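*Asks:* model this:
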Amino acid sequence: MTVADSSCVQNLYASHHHWLQALLRRRLNNAFDAADLAHDTFIRVLKRPQVFDGETHERSYLATIARGLCIDHWRRRQLEQAWLETLAAQPQATQPSPEQRAIIVETLYEVDAMLQRLPQRVRDAFVLAQVHGLPYRNIAVEIGVSERMVKKYLAQALMHCAMLEAELDGLLIQ
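*Replies:* Sure thing, here's the model as predicted:
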């Protein structure tokens, strides 16, 4: 079956939605989040046409997409929790508005997603430089590379940051 046409997606949804939502409910321990992620899974199916060999392949494909969405969901929750803990430690007078909070959390999520796309050493170099303020020499020692490689890694990370900013500003077409 090719998911490209809407009747195939309807059949896939009718055949597997209940199963997928139950799977997600067990994994997330939350029926509302499970419903949201089941919906998001089928949205992804619509965006990525696929040919299936049978019911086992259909469920495997849906479970793979759902697993990735769960990981994103948990990562987002961790970021939100860290932000809320940081915010709670701030004086009441410096608390951002609910709109600002939402924008900050979304920005944190986008930055985290960008960092996750980077190779491990590039990500480590970027975090050590930008978050911890370490100089190139210390970063090189910390991750076991030359200072020259640290410069290359940071250039690569900054290029990804520029691309993320362009995406967020709507300048890049995905």
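
*Asks:* helices or strands next to whichever helix in the chain runs longest in the packing?
*Replies:* Criterion DSSP state H: the longest helix present in the chain is helix 55-88. With contacts defined as 3 or more C-beta pairs under 8 Å, 6 or more residues apart in numbering; DSSP states H and E, the packing partners of helix 55-88 are helix 6-28, helix 31-47, helix 98-117. C-beta here means a position set from N, CA and C on the backbone, and glycine is covered the same way.

*Asks:* quick one: buried residues of the shortest one?
*Replies:* What that stands for is helix 31-47. Residues of helix 31-47 classed as buried: 33-34, 36-38, 40-42, 45 (neighbour count, 16 or more other C-beta atoms under 10 Å).

*Asks:* export the residues you listed to TSV and tack on pLDDT?
*Replies:* Written out in TSV, the entries for the buried residues of helix 31-47 read as follows (pLDDT from 0 to 100):
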residue	pLDDT
Asp33	94
Ala34	95
Asp36	95
Leu37	95
Ala38	95
Asp40	94
Thr41	93
Phe42	91
Val45	88
